[in-house]
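Trainee: When you get a sec, could you give me coordinates for this:
(chains A, B, C, D, E, F, G and H)
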Number of protein chains: 8
Amino acid sequence: MSSSPLVLIVMGSDSDLPIMQEAADILTKFGVPFEMRISSAHRCPQRTAELASGAAARGIRIIIAGAGMAAHLAGVIAAETTLPVIGVPTPGGALNGVDALYSTVQMPGGIPVATMAIGKAGAKNAGIFAVQILALTDTLLARSLNEYRTEMAQEVERKDAAIQPA
Amino acid sequence: MSSSPLVLIVMGSDSDLPIMQEAADILTKFGVPFEMRISSAHRCPQRTAELASGAAARGIRIIIAGAGMAAHLAGVIAAETTLPVIGVPTPGGALNGVDALYSTVQMPGGIPVATMAIGKAGAKNAGIFAVQILALTDTLLARSLNEYRTEMAQEVERKDAAIQPA
Amino acid sequence: MSSSPLVLIVMGSDSDLPIMQEAADILTKFGVPFEMRISSAHRCPQRTAELASGAAARGIRIIIAGAGMAAHLAGVIAAETTLPVIGVPTPGGALNGVDALYSTVQMPGGIPVATMAIGKAGAKNAGIFAVQILALTDTLLARSLNEYRTEMAQEVERKDAAIQPA
Amino acid sequence: MSSSPLVLIVMGSDSDLPIMQEAADILTKFGVPFEMRISSAHRCPQRTAELASGAAARGIRIIIAGAGMAAHLAGVIAAETTLPVIGVPTPGGALNGVDALYSTVQMPGGIPVATMAIGKAGAKNAGIFAVQILALTDTLLARSLNEYRTEMAQEVERKDAAIQPA
Amino acid sequence: MSSSPLVLIVMGSDSDLPIMQEAADILTKFGVPFEMRISSAHRCPQRTAELASGAAARGIRIIIAGAGMAAHLAGVIAAETTLPVIGVPTPGGALNGVDALYSTVQMPGGIPVATMAIGKAGAKNAGIFAVQILALTDTLLARSLNEYRTEMAQEVERKDAAIQPA
Amino acid sequence: MSSSPLVLIVMGSDSDLPIMQEAADILTKFGVPFEMRISSAHRCPQRTAELASGAAARGIRIIIAGAGMAAHLAGVIAAETTLPVIGVPTPGGALNGVDALYSTVQMPGGIPVATMAIGKAGAKNAGIFAVQILALTDTLLARSLNEYRTEMAQEVERKDAAIQPA
Amino acid sequence: MSSSPLVLIVMGSDSDLPIMQEAADILTKFGVPFEMRISSAHRCPQRTAELASGAAARGIRIIIAGAGMAAHLAGVIAAETTLPVIGVPTPGGALNGVDALYSTVQMPGGIPVATMAIGKAGAKNAGIFAVQILALTDTLLARSLNEYRTEMAQEVERKDAAIQPA
Amino acid sequence: MSSSPLVLIVMGSDSDLPIMQEAADILTKFGVPFEMRISSAHRCPQRTAELASGAAARGIRIIIAGAGMAAHLAGVIAAETTLPVIGVPTPGGALNGVDALYSTVQMPGGIPVATMAIGKAGAKNAGIFAVQILALTDTLLARSLNEYRTEMAQEVERKDAAIQPA
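Mentor: You can find the predicted model right below:
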């Protein structure tokens, strides 16, 4: 992806990549330029803060942050910018993502993180939600979203037809 | 609130009103026109579907949906529109909101709901997140958001000073 | 199965098929005609609503709905019909079905969903429960149910005998 | 209530009465004759077994069972009859009903319990679900159910109107 | 095992056998005669009730009951006898035994079930606990228990020594 | 209570007294001499160890241990004696007893703790379970237990009668 | 408290003060100079980062951080310093502190937070643990700790004596 | 490792060794002499108590204790010493470590256990936290810690660079 990214996807560790790739795939599908970064809230806090606080000036409109366990990444990023931040709790570890979910969604009043489902479904939906925001001021994207909805509905119909007795 | 609402706040029951008022208060504070509606995913599904599917045409840009227990409202609304839908799980009932959280956040891939914390903090953050989205294309709002952040930081400083020994 | 289905089995995704087949197998065993459909509460809400609202007129007496994660399917169907709706939470995803359980069972007052256990045991029991309802007005089915109970008890006895020392 | 009850409401303890009264109120409202009994799966197992196994012969069509903590009542009753058994987990105790929910809904394959939400909403829905089953062969009840749905929808509309600005 | 069993091990299904064998192995090791039975609280309730209510007269002193999911077996047995009943929640199903734990341990006041850990450790401890009860009036068993404790402590010491650097 | 106690009730803190009194009341009712002690696994470990290891020599037959939060008391006592140890998880603290339940019941293989329900019902059942063990070799106690069962069943019948319409 | 604080107590909000005062009381009791500050990981991230990163240079040896909900405070502070950071999850909100516990304790490898129990017991223990660290190189503190242990043990003995029959 | 250990790593069973090795690896990396022991709170309580109570006199400064299920080990050790005790909940068993977490972290007021995350990340962080405590009075260790932080940050940067498009 390239040329002035509108969406910044950040993840806390490269082990989150197979999950967060789902978000990237959606953005690619809709033709939304994005940037994908690894940066940890804990291992490189200043770098992460700068990535977040400098995002708006670089033209970033939306940040998607995915992390596991005590997933502070989305909240830490949200604290550094007023851009919309979408959080994706990733599974992994003994609690299998419920820790990441609570750490991401239970933000105290003042600094919101728009939280998606744990894991791949959540990462995919983070990408779609970013497109939905951008589509508010981009009629081509809005049309693409409507087509995507239609395709999803048609896919359900195809699968339904496939299980009917001959 | 009035004159062409940009945000639609929907709740499943009037018992959710004390929670969802937090979102309304934020929108009022930022001068964002909004509309507040009670509509249930289960007791009046068609009305709810129409409220959602007709929202974009009426100029609504963002929908905030709050509900408790098996909270289907946000998901049902998200299924009827490509506008960004923000979900607020409300507490109440024996499981105290963890049911509403899971019912709101664990959306399968394709139809995202941007989920906030359970209860008042979540409703407040839903309002702020709506403003953050609108601020992407409204520099006055963006400035107000920055001021709001500054005020929050200053309030922390004031409270910190208040507990210091004389 | 065929000729005027009495039971409609709906599932949110074809990935739920191996689970929901358990319900179909029971209905087949008892000779109850049924129909099996894939329809999503989120990806094709109108189609799902019509499937539900039109069921009674087509002769359907009972609807079994299976879905995972934020499982809105049973509730959304129950909102569109006064036929008895049986919900089956399916596992899958990081929370392994507890999300689907809460999303299915914690219905607010007014619109009931008769919820079964998570997964295959629940799907099997959904089929049996449908037969139990139909047996209220079908003495042949009632007799079959009693035989089924006897067979189950005998199977326990056989298994018990098998582990006794010679 | 009187004259040949069609529904048997059983609860494990009189402390469950304020919860289970919700089911009774619904049956009264719909004019369905019912019987309300206290009988414990643990303190008087034989009596409970006889209450269940003799129900069909007395003309009972549906059994609603409410209990808390390790709520075995609904399962124990379901084991003694092929009538449809609806389970209501009641809150109370340190786990606030999640124990009763799991004990009621997680029935192994073979003996279904149609489980409702924890507490009053669940008890109310148990009553409605019983009416839905009876309405399959009672067109007057079916009409009443439709009116009830309409009333619920109208009540939502009234509450919605009440919060609109003048 | 043979000659007038003192302990009755009951399990709800033969799928619990690999778990409950741990209890049997302990009883064999301590030379306590026992009987192992499969009987379901739900599929053959009367047989299970008779197994429990007739146990004392047959010389049984302690009953160990293992079951999964909505594990009613131990409670149902405890309701039919005043012999000490030890419950073993077995894993299996989507909730992995937490349902069985709550269904076994959260017995309401009046009818106790002595609950052990979920799974094999719990089944083993059920066997040991039965021996501990019998040892109250059997000095040979008491001595064996003390030797068993000593062996366990020595095994820890051996394992500790094994990981020390040479 | 006095003259050679057969049961030792230990609790980790005097805040557990209102809970553990339920066990004492049962023992008093059945005429079983007991001793009630406060001793903490953490604040006075040696004293607790001695209380446990010396119990058998003093004629104690059964130990009931109640504690909250990370409730180590029952396990620590069980490690010091081969007498049967019954654990009662007490509520209190933010997790409301689920921490105490897991800390008490999930004992690793080798050292069993017979765990009861969280709180008062569990303490009462601990007392009853102790009586059940003692009744194995005390026919008078066995008769009293049977009478107690009969009384419980009669109380259910009285309560059942009390809610019947006149 | 004053003169070159050795311990820094930080909390995310003044609503945490009644909880965190427990830590302060312990430090006062042991004569350890400390500083108490309010600073939020989300509302004033830079200020919080500076508080943490500058602590060592000011002579701070240990940081105690208390926060609720998605409690990022302790982790964010730990990321900015190599001083030992002790985390106290505070209750509050619908999940009653289990969110704060998971957000504090489930730190990924590399940046530890020494987590205490939820709420007042945890805050008190945070103070004691800080004293235990300082006592490693302060024999007077070590002696005070031993006296404190003795007092705790004696208090248990007094409470035990108080419940004994006269 | 050798020559006067400063850190004592204890685990309840050799099955915890693959987890606890992470702590050992960190101490080795930082050149901190340590000792690794297997000792069970339940199978050899006296030995465990002596290991803990004698640690300070042998020059041990910090104890790391790892255990699973009803993990009493860290608490039992903390009760016998005023040295800082770091607890590592290990997964294993049906509850996958949430039992060990609650049993370790929810210590009542008076006896703290500094709890780390469940499993390998927690064991690694236990090692790092021990180093952080020792570094308070060891400038070489403090420098090593800073280098370790720098390396972690650089590793994130390398991984980030590796996923950037060429």
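
Trainee: A:Ser4: neighbouring residues, count only.
Mentor: Neighbour count of A:Ser4, defined by other CB atoms under 10 Å in any protein chain shown: 9. (C-beta placed from N, C-alpha, C; glycine too.)

Trainee: For chain D, what is the nearest residue in chain A?
Mentor: Ranked by CB to the nearest CB, the top residue of chain A for proximity to chain D is A:Val98, at 14.8 Å.

Trainee: secondary structure class for the closest residue to that residue other than its chain neighbours?
Mentor: Closest residue to A:Val98 apart from its sequence neighbours, by CB to CB, 6 or more residues apart in numbering or on different chains: C:Leu95 at 6.8 Å. Classification of C:Leu95 by DSSP: H, G, I helix; E, B strand; the rest coil places it in coil.

Trainee: likewise A:Val10?
Mentor: A:Val10 ends up strand, using three-state DSSP.

Trainee: can you count the residues close to it?
Mentor: Look at A:Val10: counted by other CB under 10 Å, it has 28 neighbours.

Trainee: so who does it touch?
Mentor: Going by CB atoms under 8 Å, 6 or more residues apart in numbering or on different chains, A:Val10 touches A:37-39, A:48, A:51, A:63-66, A:73, A:77.

Trainee: same check, this time on A:Cys44
Mentor: H:152-153, H:156-157.

Trainee: out of those, which is most surrounded?
Mentor: Going by other CB under 10 Å, H:Val156 tops the contacts of A:Cys44 with 23 neighbours.

Trainee: for chain A, which helix is longest?
Mentor: When chain A is parsed with DSSP state H, its longest helix is helix A:139-162.

Trainee: need the residues of chain A near chain B, please.
Mentor: Residues of chain A found near chain B (CB under 8 Å from any CB of the partner chain) are A:22, A:61, A:82-84, A:86, A:101, A:105-118, A:120-121, A:124-126, A:128-129, A:132-133, A:135-137, A:142, A:145-146, A:149, A:152.

Trainee: could you dump the contacts of A:Val10 to JSON lines with secondary structure?
Mentor: What follows is these, written out as JSON lines (three-state DSSP):
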{"residue": "A:Arg37", "secondary structure": "strand"}
{"residue": "A:Ile38", "secondary structure": "strand"}
{"residue": "A:Ser39", "secondary structure": "coil"}
{"residue": "A:Thr48", "secondary structure": "helix"}
{"residue": "A:Leu51", "secondary structure": "helix"}
{"residue": "A:Ile63", "secondary structure": "strand"}
{"residue": "A:Ile64", "secondary structure": "strand"}
{"residue": "A:Ala65", "secondary structure": "strand"}
{"residue": "A:Gly66", "secondary structure": "strand"}
{"residue": "A:Leu73", "secondary structure": "helix"}
{"residue": "A:Ile77", "secondary structure": "helix"}
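
Trainee: circling back to that earlier point, so what's the residue count around the residue of chain A closest to chain D?
Mentor: Residues near A:Val98, counting by other CB under 10 Å: 23.

Trainee: My read is that it contacts C:Asn96, right?
Mentor: No. Look at A:Val98 against C:Asn96 with CB atoms under 8 Å: they stay out of range, at 10.2 Å.

Trainee: so what pLDDT did the residue nearest to A:Val98 get?
Mentor: pLDDT for C:Leu95: 95.

Trainee: what ranges of chain A fall below the confidence cut-off?
Mentor: A:1-2 (pLDDT under 70).

Trainee: which residues in it form strands?
Mentor: A:7-11, A:34-38, A:62-68, A:85-90, A:114-115 (DSSP state E).

Trainee: near chain H, which residues of chain A?
Mentor: Counting by CB under 8 Å from any CB, chain A comes close to chain H at A:1-2, A:13-14, A:17, A:36-40, A:43-44, A:47, A:69-70, A:93-96.

Trainee: what's the first-to-last distance across stretch A:49-57?
Mentor: Terminal residues of stretch A:49-57 lie 14 Å apart, using CA to CA, to the nearest Å.

Trainee: mind listing what's buried in it?
Mentor: A:49, A:51-53, A:55 (16 or more other CB atoms under 10 Å in any protein chain shown).

Trainee: what residues does it touch?
Mentor: A:8, A:10, A:37, A:39, A:63, A:76-83, G:45-46, G:49.

Trainee: Among the residues you listed, which one is most surrounded by other residues?
Mentor: A:Val76 (32 neighbours).

Trainee: Please name the residues that touch it.
Mentor: Contacts of A:Val76 (CB under 8 Å, 6+ apart): A:41, A:45, A:48-49, A:52, G:41, G:45, G:72, G:76.

Trainee: Mark which of these are part of helices, please.
Mentor: A:45, A:48-49, A:52, G:45, G:76.

Trainee: wait, isn't A:Asp99 in contact with A:Ala67?
Mentor: No. Applying CB under 8 Å as the test, A:Asp99 and A:Ala67 come out as separate, 10.5 Å apart.

Trainee: Distance to C:Lys29 added to the contacts of A:Val10, as CSV?
Mentor: Below are the contacts of A:Val10 laid out as CSV (distance: CB to CB, whole Å):
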residue, distance to C:Lys29
A:Arg37, 56
A:Ile38, 54
A:Ser39, 57
A:Thr48, 58
A:Leu51, 60
A:Ile63, 54
A:Ile64, 48
A:Ala65, 50
A:Gly66, 46
A:Leu73, 51
A:Ile77, 55
